Structures are given as C-alpha cells and as structure tokens.
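S.K.: Could you work out the structure for the sequence below:
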Amino acid sequence: MISETVETTTIRLDGDWSMSGVAEKFPVLEKCLRHLLDSEASGERQKSPSVGIPEIDLAGVTDFDACGCQLLALFVRSLRQNGSSPLLLNMSEAFISRVHSLGFGRELNLPL
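M.R.: Model prediction:
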C-alpha cells in the first residue's frame, strides 16, 4: 500500500470505498498515517524536505460513495495538519465529479 522513494511516499488506495467496504479501509489509512508521522519524527523529513511528500494514487478504487469520500477527506486533512501537502493522483472524471457532487471538492483541492 505504501511505497517510498527519496522524493515521495506513494499511498495506493484500491477496492471498495463505499459504505460496504470503507470499514476495512480505516485501519489501513491509520497505519499509513502512523508510518508517515513516525518517519517525520525520526528526522527523515529534516534530512531532505522532499522526503515523504504523500502521493495518494486512486487508480485502484473501484467504488466510491459519501462514506469513502469522508474517510479520504479526513485522511488528507490529517496529513495537512501534520505538515504534509498530499497530492491526489489518477482520478477519473467520474471520480472528480462524484467528489464535487458530495461537497468534498474543496476539501480535497480538486479541479472544477
């Protein structure tokens, strides 16, 4: 789920992010957040300011509803509150449209 390079940390999200699948995603995101915060606390971020810039790859997400959108928004907000500037990648037009219709476009900094 997490892969790291010198410049980025890629978090690959996949599967069902609807009401029926989102419960199993919470512990995964919690683990990702803990990993990123531990990396920052260990001083990796001070060695290179670009270390750990989180890229959230959404290519593998197969279903997405308000529950998944809210969980993703909370995850992104937590990253921002801890000094990261996450980037959302591989979003389809349908995904972007759905996020906007659910009212989370601004929260996730999505294009109009």
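S.K.: for the protein, what spans make up the helices?
M.R.: Applying DSSP state H to the chain gives helices spanning 25-41, 44-47, 66-81, 93-101.
S.K.: same question for the third one, mean pLDDT?
M.R.: In this case it means helix 66-81. If you average the pLDDT over helix 66-81, you get 95.
S.K.: in that helix, what counts as buried?
M.R.: 66-69, 71-73, 75-76, 78-79 (16 or more other CB atoms under 10 Å). (Glycine included, C-beta is placed from N, CA and C.)
S.K.: Go ahead and name everything in contact with it.
M.R.: 13, 16-19, 21-22, 25-26, 29, 32-33, 36, 54, 56, 61, 86, 88, 98-99, 102, 104, 107-108 (CB atoms under 8 Å, 6 or more residues apart in numbering).
S.K.: switch the cut-off to 7 Å
M.R.: Applying CB atoms under 7 Å, 6 or more residues apart in numbering, the contact partners of helix 66-81 are 17-19, 22, 25-26, 29, 33, 36, 54, 86, 99, 102, 104, 107-108.
S.K.: circling back to that earlier point, would you turn the helices of the chain into JSON lines with distance to residue 9?
M.R.: Formatted as JSON lines, these follow (distance: least, CB to CB, whole Å):
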{"stretch": "helix 25-41", "distance to residue 9": "6"}
{"stretch": "helix 44-47", "distance to residue 9": "10"}
{"stretch": "helix 66-81", "distance to residue 9": "10"}
{"stretch": "helix 93-101", "distance to residue 9": "21"}
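S.K.: for this structure, where's the lowest mean pLDDT among helices and strands?
M.R.: In the chain, no helix or strand scores lower on mean pLDDT, DSSP states H and E than helix 44-47, which sits at a mean of 51.
S.K.: Mind checking the helices of the chain for the one nearest to residue 112?
M.R.: Closest approach to residue 112 among those is made by helix 93-101 (7.5 Å; CB to CB).
S.K.: In the protein, where's the longest strand?
M.R.: Ranked by residue count under DSSP state E, the longest strand found in the chain is strand 53-64.
S.K.: Parallel or antiparallel, list what pairs with that strand.
M.R.: strand 8-17 (parallel), strand 87-89 (parallel) (DSSP bridges).
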